[in-house]
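Colleague: what's the 3D shape of this:
(one chain, ligands or ions: 4)
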Amino acid sequence: MKNEVQKLVDKGLMLPLMEEFYTIQGEGFHKGTAAYFIRVGGCDVGCHWCDVKESWNAAIHPPTAIENIVENALKYSKTIVITGGEPLTWDMGPLTTMLKSKGMQTHIETSGAYELTGIWDWICLSPKKMKLPTAEVYKEANELKVIIFNKDDFRFAEEQAAQVSENCILYLQPEWSKREKMSPLIVEYVMQNPKWKVSLQTHKYLNIP
Ligand SMILES: C[S@@+](CC[C@H](N)C(=O)[O-])C[C@H]1O[C@@H](n2cnc3c(N)ncnc32)[C@H](O)[C@@H]1O
Ligand SMILES: Nc1nc2[nH]cc(C(=O)O)c2c(=O)[nH]1
Ligand code: SF4
Ligand SMILES: [Mg+2]
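Modeller: Ligands and ions are numbered 1, 2, ... in the order given. Just a heads-up that it's a prediction; the model follows:
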């Protein structure tokens, strides 16, 4: 039989919390906006260039009651970004319901690889080749943010853009370790294909979390 904590995690009433921090959203449409980040542990998508591999193993992050997560978040910001790890590993329904009941704006950073749960004001979908997004999240995404590690990722980006809604905003973001090589190619690509915009990890240039 599963222990009590595991049952609460399965219901989304507790979540393996890796870290929470108040910072500036560095990427995508809301870049430059102050936001409180909640980083939930657990991901088995396995991107070799992932910049938070410490998040992958959920077992090393303490199961935390969502009441406590929300209570903390309220002190800092009205804009709450849920990221990970892969937040959709877990049921995001209870956490986002509670945040919405307190008048918060809920944003998610997701690969979309698992069932879309939760109530979201903004969905940033960053699809990965190894585990493609679900049909539902393509429909709901407000922005598509494709990471460019090599030239094949431009082809992948077009394939992904064909599946999102018409008003979804399209971004190409250089993989951090390849930024010197790929950024000029992204600039050229966006000028040739202006339905795309450039997204940079501006928090890394600013030296903030
Ligand atoms: C760490 S992920 C967590 C959320 C979710 N698992 C996802 O991949 O969307 C947060 C964002 O950072 C991006 N990212 C991760 N590692 C990166 C890297 N080395 N360079 C650029 N972007 C990266 C992801 O694609 C995603 O958009
Ligand atoms: N400042 C800042 N902006 C971000 N946007 C997405 C992030 C993420 O790791 O999900 C992130 C992050 O880790 N820091
Ligand atoms: S899906 Fe997100 S958290 Fe998971 S490995 Fe890829 S970038 Fe990292
Ligand atoms: Mg990050």
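Colleague: any residue of the helix or strand containing Leu170 up close to ligand 2?
Modeller: Under the criterion DSSP states H and E, the helix or strand holding Leu170 is strand 169-174. No. Contact of strand 169-174 with ligand 2 is not found when judged by C-beta under 6 Å from any ligand atom; the minimum separation is 9.8 Å. Backbone N, C-alpha and C define where each C-beta goes, glycine included.
Colleague: can you tell me which helices and strands the next helix or strand along the chain from that strand packs against?
Modeller: Per DSSP H and E, the first helix or strand lying C-terminal to strand 169-174 is helix 179-192. With contacts defined as 3 or more C-beta pairs under 8 Å, 6 or more residues apart in numbering; DSSP states H and E, the secondary structure elements packing on helix 179-192 are strand 143-148, strand 169-174, strand 196-198.
Colleague: just those strands: most buried one?
Modeller: Of all the helices and strands packed on helix 179-192, strand 143-148 carries the top mean neighbour count, a mean of 23, counting by mean count of other C-beta atoms under 10 Å.
Colleague: quick one: mean pLDDT over that strand.
Modeller: For strand 143-148, the mean pLDDT works out to 99.
Colleague: now the angle between strand 169-174 and it, please.
Modeller: Using axes from the mean of the first three to the mean of the last three C-alpha atoms, to 10 degrees, the direction of strand 143-148 lies 20 degrees away from that of strand 169-174.
Colleague: ok, residues contacting the helix or strand following strand 143-148?
Modeller: Past strand 143-148, further along toward the C-terminus, the next helix or strand under DSSP H and E is helix 152-161. With C-beta atoms under 8 Å, 6 or more residues apart in numbering as the test, helix 152-161 has contacts from 127, 129, 133, 144, 146-148, 168, 170, 172, 185, 189, 195-196.
Colleague: likewise for stretch 171-180?
Modeller: The contact list for stretch 171-180 (C-beta under 8 Å, 6+ apart) reads 27-29, 49, 51, 126, 143-150, 154, 157, 182-183, 186, 189-190, 196-201, 204.
Colleague: do that again at 6 Å, thanks
Modeller: Applying C-beta atoms under 6 Å, 6 or more residues apart in numbering, the set of residues contacting stretch 171-180 from outside is 28, 49, 145-149, 182-183, 186, 196-197, 199.
Colleague: stretch 200-209 now?
Modeller: Phe21, Thr23, Gly26, Glu27, Lys31.
Colleague: for the last one, what are its contacts?
Modeller: Spelled out, it's Lys31. Contacts of Lys31 by C-beta under 6 Å, 6+ apart are Gln25, Thr202.
Colleague: wasn't it part of a helix?
Modeller: No. Under the criterion used here (DSSP: H, G, I helix; E, B strand; the rest coil), Lys31 is coil, not part of a helix.
Colleague: how near is it to ligand 3?
Modeller: Counting by C-beta to the nearest ligand atom, to the nearest Å, the gap between Lys31 and ligand 3 amounts to 18 Å.
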